[in-house]
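**Student:** Dropping a prediction and its sequence here:
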Amino acid sequence: MVETLDIEATSQALHTLGRQTSLLPEHPAIAVEGRLQRMLEALERLEEGQRVTNQILTRLENRIVTLQRIPSTR
C-alpha cells in the first residue's frame, strides 16, 4: 500500500525539529524541510491559480449561456 505524505505536517515537524535541536543547518533533515516548504508554497500558488482559472471559466460559461439565449438578428 502506498503511503501519502502530508507535506504541511512533515514540513512543520522538520521545522520544529530544527529549532529544538542543535542540528547543523546543512543537516539533511533541515535541507529537506526547506525543500518541503518551497514545495508547499508552490502548491499553494498552483491552487490559487486553479481557483482563479475556475472563476474565469465559470464567467465565460455563464456568458456563453447568456449569449445563446439572445435571438439572432440575422
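**Tutor:** That came in fine, so what should we check first?

**Student:** hey, let's count contacts and neighbours off CA atoms from now on
**Tutor:** OK.

**Student:** mind checking the longest helix of the chain?
**Tutor:** If you go by DSSP state H, the chain has its longest helix at helix 28-69.

**Student:** Rounded mean pLDDT for that one, please.
**Tutor:** In this model, helix 28-69 carries a mean pLDDT of 88.

**Student:** what packs against it?
**Tutor:** In terms of contact count using 3 or more C-alpha pairs under 8 Å, 6 or more residues apart in numbering; DSSP states H and E, helix 28-69 is assigned the packing partners helix 7-20.

**Student:** tell me the mean pLDDT over the helix it packs on?
**Tutor:** Per-residue pLDDT values across helix 7-20 average out to 69.

**Student:** just use 636 as the starting number from now, easier for me
**Tutor:** Understood, numbering begins at 636; the last thing we discussed is helix 642-655.

**Student:** Extract the C-alpha set from stretch 663-673 and format it as CSV.
**Tutor:** Written as CSV, here are the backbone C-alpha positions of stretch 663-673 (Å, rounded to 0.1, in the frame of the first residue of the first chain):
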residue,chain,number,x,y,z
PRO,A,663,19.8,16.6,5.5
ALA,A,664,16.7,17.0,7.7
ILE,A,665,16.9,20.7,7.6
ALA,A,666,17.6,20.8,3.9
VAL,A,667,14.5,18.6,3.3
GLU,A,668,12.4,21.0,5.5
GLY,A,669,13.4,23.9,3.3
ARG,A,670,12.6,22.0,0.1
LEU,A,671,9.3,20.8,1.5
GLN,A,672,8.4,24.4,2.5
ARG,A,673,9.2,25.6,-1.0
